[in-house]
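Q: would you be able to build a 3D model of this:
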Amino acid sequence: MDKKKEAMIIHDRNSNGLSYRKLVSKYGVPITTIYRMLNSKVNKPLNAEATTGEEPPMADDIKALKEALRLERLKNELLNNVIDIASKELGVDIRKKSGTRRSK
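A: All right, here's what the predicted structure looks like:
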């Protein structure tokens, strides 16, 4: 397929919103060819973030995730310390699985 026809198909799909079936009937190209052409990474339309030049707000998301991870680590450490203190006071190993014996 020549580049001019490809450009026309891409233009019709992106700007006019023609369906695959309408593109097939208009240009006489198999639907699989049109599908592959339109879904290739090269021909994808730019999203709004890329056209405005703004950086996506990932930095805020990463900060929030780091803070959540820090809090979960603190919670895990607290729970481990509680289990250690209870084990010492009771004299029983709480972390040991106690009910998994096999009957013979």
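
Q: select the helix or strand of the chain having the lowest average pLDDT value.
A: Across the helices and strands of the chain, the lowest-confidence element by mean pLDDT, DSSP states H and E is helix 48-52, at a mean of 50.

Q: quick one: mean pLDDT over the next helix or strand after that helix.
A: Using DSSP states H and E, the helix or strand that follows helix 48-52 in sequence is helix 58-90. Taken as a whole, helix 58-90 has an average pLDDT of 90.

Q: now helix 58-90, how far from the chain's geometric center?
A: Computed by Cα atoms, centre = their mean, to the nearest Å, the chain-centroid distance of helix 58-90 equals 25 Å.

Q: show me how the chain divides into domains.
A: Domain assignment of the chain by automatic domain parsing yields the ranges 3-45, 56-93.

Q: deepest of those, which one?
A: domain 3-45 (a mean of 13; mean count of other Cβ atoms under 10 Å). The way it works is simple: take the backbone N, C-alpha and C, and place the C-beta from them, glycine included.

Q: and that domain, how far out from the chain's middle?
A: On the basis of Cα atoms, centre = their mean, domain 3-45 sits 27 Å off its chain's mean C-alpha point.

Q: isn't Ile12 up against Leu18?
A: No Ile there; residue 12 is Asp. Yes - using Cβ atoms under 8 Å, Asp12 is in contact with Leu18, at 4.7 Å.
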